[in-house]
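K.L.:
give the three-dimensional model of this entry:
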Amino acid sequence: MANEPNPQDRPDPEDRPASLRARVPDHVAGGCFSTGVIVMTGPNEFIIDFLQTIGRPHRVASRIILPHAVMPQFIEALDKNLSIYRERFGDPPAPPKNLTNPNDRRPTPQEIYDDLKMPDEVLSGAYANGVMIGHGASEFGLDFLTSFFPQSAVSSRVFLAAGQVPRLLESLVGSMRQLQQQRGLLPPNPSPEPPANESKPETPPGDNPTGDNPPDFKSPGDSPPGDTKYPF
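P.N.:
This is a model prediction of the structure:
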């Protein structure tokens, strides 16, 4: 079949140099598929909720807790991997936009979460200070890592349709910029410029581990514990 994903493109943390190898616990090995993301900015970390919005009720499939310092590296890794994807397969197909009435009021974060099922096992989230990214022709795989001595481990595995990744990347860049503005590191309201997607990675196509210097995610809005990005 044309454009059939190459298994080598998908992340396999146990098939890497020792410095980048990570154990995959049985309970995360199967991963979960996500159709939407909400990102919240806390005082010390980003909270990324990966949603499953097919069927009812919509639910939070995985919650990732990432330190602020990890976000720029995650953005860079995702940007490079998206560049590799575009070189091999072209632009990922853009998912259709939701048809909404411009006069409708945007729901508050509380209203959004009132309609989401939050299983007990994801309520506290999975901490990550690293990430490995891989892709096939139709999806991206994100392995979030806890990189601690003596061995790294995968704390959560998430799959996204390729068409969702540019929107996720744009959202992450906006959230990081928002945080930098709050800290006085950027002037207010800079012109939005998503990553250039032109850099040439040194890793093999379809694979971009970040090793000891991990990456993160983003979100918009106003909600506890900080700014919240609405799902896409």
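K.L.:
any weak-confidence spans in the chain?
P.N.:
Within the chain, the segments meeting pLDDT under 70 span 1-20, 98-101, 188-232.
K.L.:
where do the helices sit along the chain?
P.N.:
In the chain, the segments counted as helices under DSSP state H are 26-29, 71-89, 109-114, 120-123, 165-182.
K.L.:
between the ones you listed, which one is nearest to residue 96?
P.N.:
In terms of C-beta to C-beta, the element of the helices of the chain nearest to residue 96 is helix 165-182, at 12.0 Å. Quick note: C-beta positions are derived from backbone N, CA and C, even for glycine.
K.L.:
starting at the chain centroid, how far to the closest one?
P.N.:
11 Å (C-alpha atoms, centre = their mean, to the nearest Å).
K.L.:
same question, stretch 51-66
P.N.:
13 Å.
K.L.:
same thing with stretch 86-95?
P.N.:
Worked out by C-alpha atoms, centre = their mean, stretch 86-95 lies 18 Å from the chain centre.
K.L.:
can I get that stretch in PDB, CA atoms only?
P.N.:
C-alpha atoms of stretch 86-95 as PDB (Å, rounded to 0.1, in the frame of the first residue of the first chain):
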ATOM      1  CA  ARG A  86       6.400  17.500   5.300                       C
ATOM      2  CA  GLU A  87       9.600  16.500   3.500                       C
ATOM      3  CA  ARG A  88       8.500  12.900   3.200                       C
ATOM      4  CA  PHE A  89       4.700  13.200   2.800                       C
ATOM      5  CA  GLY A  90       3.800  16.900   2.200                       C
ATOM      6  CA  ASP A  91       1.500  19.000   4.400                       C
ATOM      7  CA  PRO A  92      -0.600  16.900   6.700                       C
ATOM      8  CA  PRO A  93      -4.300  17.000   5.900                       C
ATOM      9  CA  ALA A  94      -6.000  19.700   7.900                       C
ATOM     10  CA  PRO A  95      -9.000  18.500  10.000                       C
END
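K.L.:
buried residues in it, which are they?
P.N.:
89, 92 (16 or more other C-beta atoms under 10 Å).
K.L.:
kindly report the same for stretch 37-57.
P.N.:
Buried-residue list, stretch 37-57, by 16+ other C-beta under 10 Å: 37-41, 45-52.
K.L.:
quick one: end-to-end distance for that stretch.
P.N.:
16 Å (C-alpha to C-alpha, to the nearest Å).
K.L.:
returning to what we had before: output the helices of the chain in a markdown table; the columns should cover distance to residue 146.
P.N.:
As requested, those are exported to a markdown table (distance: least, C-beta to C-beta, whole Å):
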| stretch | distance to residue 146 |
| --- | --- |
| helix 26-29 | 11 |
| helix 71-89 | 15 |
| helix 109-114 | 26 |
| helix 120-123 | 16 |
| helix 165-182 | 20 |
